[in-house]
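S.K.: need coordinates for the following:
(one chain, ligands or ions: 3)
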Amino acid sequence: MRSSSHVLPLGVLTALLLSQVCSGIKWLALSHVPASLHINQTQHCKLMPGMVSSQAQLCRSNLELMQTIIQAAREVKKTCQKTFSDMRWNCSSIDIPVDTPKYRPDLDRGTREAAFVYALSAATISHTIAQACTSGDLRLCSCGPIPAEIPEPGYRWGGCGDNLHYGLIMGSKFSDAPMKMKRAGSHANKLMHLHNSEVGRQVLREALVMKCKCHGVSGSCSIRTCWRGLQDLREIAMDLKTKYLSATKVVHRPMGTRKQLVPKDIDIRPVRENELVYLQSSPDFCAKNDKQGSAGTQGRQCNKTSSGSDSCDLMCCGRGYNPYTEKLVERCHCKYHWCCYVTCKKCERIVERYVCK
Ligand SMILES: *[C@@H]1O[C@H](CO)[C@@H](O)[C@H](O)[C@H]1NC(C)=O
Ligand SMILES: *[C@@H]1O[C@H](CO)[C@@H](O)[C@H](O)[C@H]1NC(C)=O
Ligand SMILES: *[C@@H]1O[C@H](CO)[C@@H](O)[C@H](O)[C@H]1NC(C)=O
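M.R.: Ligands and ions are numbered 1, 2, ... in the order given. Okay, here's the model as predicted:
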């Protein structure tokens, strides 16, 4: 017997359901903004999808930065999909549509995958801004500071370092904004997303390394000019993938005077600053289930000789796989001609590939 005396209209219900999840990565929908749109008027901020009010405010007050943030949204998508191309979950659910009603919030359910995406997003936005400062794309910032240490003999500071400081300030201001809103879903989710975003930024800080260029007579490298530059996003994403694989499940419970995230199974200790955390277990991603953000692995390519996550056994979840052949055209029998060119022939090679049933 149904006990409810009234039924909520569907629109209200959807709004209620959506308000319970904290959508901190909706701004990734910015990846759909056409590259041809030149953002130079505050009205353009209204055309930007997926932003909360404080992000729109940042857009209006710093139009120039917006182009870089849009570029970051594209980078997040590309990097996530590359990094997870050998996994059952291949980051397909990161493709956040422009029209909000169709948004599938599986990445906001507090899973391990969400932890990775939030960390990667936070790292990427700051990475992109830091490098935009260096390349002169932004007028409000320039090269990073010259390091205070005295360089070793044969080395000198020079060039233009990445402006990580500015990247971190502006990046976190933008990407953390949805989690800082008062009515933005559950406290637990917000804490989780903020924590993982900070882990992403921590990995980025560690990715600021010394880069040098050689000078001297005919490449003798008697003197090196060095600066602090960020490693490629790919490497940062690989670090975060390692953290994803060893992420810690947490629960939201009172610790001291406030409710905090604490590890679920392990000894009583606070959450560590360098670990990704999640609240909900993920499905196995074997079968298609849109609600859970699982595209399933049917039709995915697998590797018969690999013993890792891309092996046919693991990728296809025991369903088996179908072989097919692919013709590869490669350059071969290359000859060097004095001076200075190379000629090659084209060779065809048949390779066997496998896709999951
Ligand atoms: C904005 O950019 C477009 C395209 O580059 C240009 O045609 C237009 O004049 C610019 N508007 C302003 C206000 O600068
Ligand atoms: C991810 O997997 C799904 C399901 O097999 C597939 O349709 C999609 O093209 C894949 N996406 C990428 C980026 O590889
Ligand atoms: C399959 O896995 C093996 C072992 O890890 C690797 O050497 C090979 O390049 C992979 N093949 C493809 C097509 O990715």
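
S.K.: kindly report the domain assignment for the protein.
M.R.: Here the domain parsing of the chain from automatic domain parsing is 17-283, 321-356.

S.K.: pick the most buried one from the ones you listed.
M.R.: Counting by mean count of other C-beta atoms under 10 Å, domain 17-283 has the highest mean neighbour count of the domains of the chain, with a mean of 18. (Glycine included, C-beta is placed from N, CA and C.)

S.K.: could you check whether that domain is close to ligand 2?
M.R.: Yes. Applying C-beta under 6 Å from any ligand atom, one finds that domain 17-283 is in contact with ligand 2 at 81, 85, 90, 92.

S.K.: for those, work out which two are farthest apart.
M.R.: Greatest spatial distance among those (C-beta to C-beta): 85 and 92, at 10.6 Å.

S.K.: in the chain, which spans are helices?
M.R.: Applying DSSP state H to the chain gives helices spanning 10-20, 44-47, 53-61, 63-83, 112-135, 164-175, 187-206, 233-245, 312-315.

S.K.: of those, which is nearest residue 332?
M.R.: When the helices of the chain are ranked by proximity to residue 332 (C-beta to C-beta), helix 63-83 comes first, at 27.5 Å.

S.K.: pLDDT weak spots in the stretch 151-300 of the chain?
M.R.: Residues of the stretch 151-300 of the chain that meet the criterion pLDDT under 70 lie in 183-184, 219, 266-267.

S.K.: need the phi and psi values for the residue in it that ligand 3 sits nearest to.
M.R.: Distance from ligand 3 to each residue of the stretch 151-300 of the chain (C-beta to the nearest ligand atom) is smallest for residue 300, at 12.5 Å. The phi and psi values for residue 300, taken as degrees, to the nearest 10, are phi -80, psi 150.

S.K.: for it, which non-adjacent residue is spatially closest?
M.R.: Leaving aside its sequence neighbours, residue 300 sits nearest to residue 356 (C-beta to C-beta, 6 or more residues apart in numbering; 5.0 Å).

S.K.: kindly report the same for residue 292.
M.R.: residue 283 is the one closest to residue 292 (C-beta to C-beta, 6+ apart), at 4.8 Å.

S.K.: now do the contacts for the one you found.
M.R.: 289, 292, 294 (C-beta atoms under 8 Å, 6 or more residues apart in numbering).

S.K.: give the burial count for the first one, as a bare number.
M.R.: Look at residue 289: counted by other C-beta atoms under 10 Å, it has 13 neighbours.

S.K.: now do the nearest residue to it once chain neighbours are set aside against residue 195, distance only.
M.R.: Spatial nearest neighbour of residue 289, chain neighbours left out: residue 283 (6.4 Å); criterion: C-beta to C-beta, 6+ apart. From residue 283 across to residue 195, the span is 23 Å (C-beta to C-beta, to the nearest Å).

S.K.: and the residue of the stretch 51-200 of the chain that's closest to ligand 3?
M.R.: For the stretch 51-200 of the chain, C-beta to the nearest ligand atom, closest residue to ligand 3: residue 86, 8.3 Å.

S.K.: which pLDDT value belongs to that residue?
M.R.: Residue 86 carries a pLDDT value of 95.

S.K.: so who does it touch?
M.R.: Residue 86 sits next to 303, 308-310 when contact means C-beta under 8 Å, 6+ apart.

S.K.: just checking, residue 31 touches residue 71?
M.R.: No. Judged on C-beta atoms under 8 Å, residue 31 makes no contact with residue 71 at a distance of 9.0 Å.

S.K.: please give me every residue in contact with residue 70.
M.R.: 30-31, 33, 39.

S.K.: report the separation between the most centrally placed residue in the chain and residue 274.
M.R.: The centroid of the chain falls nearest to residue 120 when counting by C-alpha atoms, centre = their mean (3.0 Å). Distance from residue 120 to residue 274, counting by C-beta to C-beta: 15 Å.

S.K.: excluding chain neighbours, what is closest to residue 144?
M.R.: The shortest distance from residue 144 to any non-neighbouring residue, by C-beta to C-beta, 6+ apart, is to residue 161 (3.6 Å).

S.K.: my guess is that neighbour contacts residue 228, does it?
M.R.: Yes. Under the criterion of C-beta under 8 Å, residue 161 makes contact with residue 228 at 4.3 Å.

S.K.: okay, and the common contacts of the two?
M.R.: Counting by C-beta under 8 Å, 6+ apart, the contacts common to residue 161 and residue 228 are 144, 147.
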